[in-house]
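Novice: whatever this is, show me its structure:
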Amino acid sequence: MFTLIIVILLLYGLNSWCCEEEFEYREREAERRHRERMRLLKKRMKKNQAAKKRRKTTRYIIRDEYGRILGKEVVEE
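Specialist: Reported below is the predicted structural model:
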């Protein structure tokens, strides 16, 4: 009877130890995924900012009575 109690306690301790190790592993993986996601987001934001700097918008402002463009304005963003 005494050995049965010891075996149950050992199995309970082993189970809690494995759960704790699995929890730590999952937490490390979640942190790694978060860092990777943030790195990709920062990279994408930097790429979008570079594209915005190169983007040019052309606005036509003066037309004659036939619809031909007489003057235009180019705005760089």
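
Novice: residue 3: neighbour count?
Specialist: Residue 3: 7 surrounding residues under other Cβ atoms under 10 Å. For every residue, glycine as well, the C-beta is placed using N, CA and C.

Novice: quick one: secondary structure of it?
Specialist: helix (DSSP: H, G, I helix; E, B strand; the rest coil).

Novice: can you give me the strands in the chain?
Specialist: Assigned by DSSP state E, the strands in the chain fall at 56-63, 69-76.

Novice: model confidence over the last one, on average?
Specialist: Averaging the model's pLDDT scores along strand 69-76 yields 66.

Novice: so which residues of the chain form helices?
Specialist: Under the criterion DSSP state H, the chain contains helices at 2-54.

Novice: relative to residue 32, how far out is residue 38?
Specialist: Residue 38 sits 11 Å away from residue 32, going by Cβ to Cβ, to the nearest Å.

Novice: which residues touch residue 4?
Specialist: Listed by Cβ atoms under 8 Å, 6 or more residues apart in numbering, residue 4 has no contact partners.

Novice: model confidence for it, exactly?
Specialist: 74.
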